[in-house]
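Engineer: how would this look folded up:
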Amino acid sequence: MSDGQAEIQRCIDEVETQGFAVIRDFLSPSILSKVRDIAQSMLGRYHGRNNFEGTSTERVYTLVARDKVFEDIVEDPRIMAICDHFFQPNFLLTASQIINIHPGESPQPFHTDDTFYPIPRPRPMIGLSTIVAVDDFTVENGATQVIPGSHLWSDEEMRGEYRRGSGELDAELEKNAKSTARSVEMPAGACMVFSGTLLHRGAANTSDSSRCAFSNQYCEPWARTQENFYLASPPEQVREMSPRVQSLLGYSIHPPFMGQVTASHPEKALEPGFVPPIRRQFS
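Structural biologist: Down below sits the predicted model:
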């Protein structure tokens, strides 16, 4: 087994057992520098609207379509191999965003990233998330906190897990979560990979500087995605992307025919001059 294969297997094993793993050298120094420059050029325009997004946190969505460097990172071979292990073929990208936590931000509620799929727990993950550190993650600047092993908890053990728009964790779980949570400190350029069923949160930023990261999240090919990339990413731009990224954005079929476009493969919609069949019928 090569070093690369061994690292992928380590990540798979750790995600299965504790719910998360860290790839410390995920971005090269040159790619990290480029990511940091591009991220800074996009920040300063968007702020969260509630305690989940963070009122002192900036978020930039549809990151995959904003620069080629992010498009390439979305299909990183290590992440694709991990997703191949956990998901059925033609899995999808469900979210792609920058998260920049400013000083003074309060902690998020503990939550899971695939909580909106109402399938009883314990269950296999439907989503898998990555968080890539653009700045060093420290306890002081809001490093992501996780509850190891919580990806295996039942619905009863979750006991009122935070669901967006429906309230907070119940008091007992919140107390236990705070006592068992672990801050994932990691250097800039590292990537945390974790199960969509893992309880985690962005922690409070008590430092005097912001903490920037970006998150790409993936899901089973039959699940509805968080971001609607069909509408958010112009087809003429998607046309120039790699076949793998096109598939991740939904231009693919989950057998036998989920995702079809009037009985045709959705990749046909990327062909120059494509006219939807229903429009041709009435033209």
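Engineer: what about the residue sitting nearest the centre point of the chain, which SS state?
Structural biologist: Central residue of the chain (C-alpha atoms, centre = their mean): residue 217, 2.3 Å from the mean position. Look at residue 217: counting by DSSP: H, G, I helix; E, B strand; the rest coil, its state is strand.
Engineer: Would you enumerate the residues in contact with it?
Structural biologist: 93, 94, 95, 96, 113, 127, 128, 129, 130, 196, 226 (C-beta atoms under 8 Å, 6 or more residues apart in numbering). C-betas here are computed from N, CA, C, even on glycine.
Engineer: ok, the first one to residue 244 distance?
Structural biologist: As judged by C-beta to C-beta, to the nearest Å, residue 93 and residue 244 stand 10 Å apart.
Engineer: List the contacts of the closest residue to residue 67 other than its chain neighbours.
Structural biologist: Closest residue in space to residue 67, ignoring its immediate chain neighbours: residue 38 at 5.1 Å, by C-beta to C-beta, 6 or more residues apart in numbering. Contacts for residue 38 (C-beta under 8 Å, 6+ apart) come out as 66, 67, 69, 70.
Engineer: Scan those and report the most crowded one.
Structural biologist: Within these, neighbour counts (other C-beta atoms under 10 Å) peak at residue 70, which reaches 21 neighbours.
Engineer: which stretches of this protein aren't confidently modelled?
Structural biologist: 45-48, 50-54, 160-174, 176, 280-283 (pLDDT under 70).
Engineer: sorry, back to before: which pair in the contacts of residue 38 spans the largest distance?
Structural biologist: 66 and 69 (9.2 Å; C-beta to C-beta).
Engineer: how about the helices of the protein, start to end?
Structural biologist: In the chain, the helices defined using DSSP state H lie at 3-17, 29-42, 68-74, 77-86, 155-158, 171-180, 229-232, 235-238, 243-248, 277-281.
Engineer: wait, which of those helices is closest to residue 208?
Structural biologist: Nearest to residue 208 among those is helix 29-42 (17.6 Å), distances taken as C-beta to C-beta.
Engineer: Go through that closest one and flag the buried ones.
Structural biologist: 32, 34, 35, 36, 38, 39 (16 or more other C-beta atoms under 10 Å).
Engineer: any idea how far that helix is from the chain center?
Structural biologist: Averaging C-alpha positions (C-alpha atoms, centre = their mean, to the nearest Å) puts helix 29-42 19 Å from its chain's average.
Engineer: quick one, what contacts the residue nearest to residue 276 when sequence neighbours are not counted?
Structural biologist: Distances taken as C-beta to C-beta, 6+ apart place residue 262 nearest to residue 276, at 6.9 Å, with adjacent residues excluded. Residue 262 makes contacts with 276, 277, 278, as judged by C-beta under 8 Å, 6+ apart.
Engineer: I'd guessed residue 49 sits against residue 57; true?
Structural biologist: No: taking contacts as C-beta atoms under 8 Å, residue 49 lies outside contact range of residue 57: 10.1 Å.
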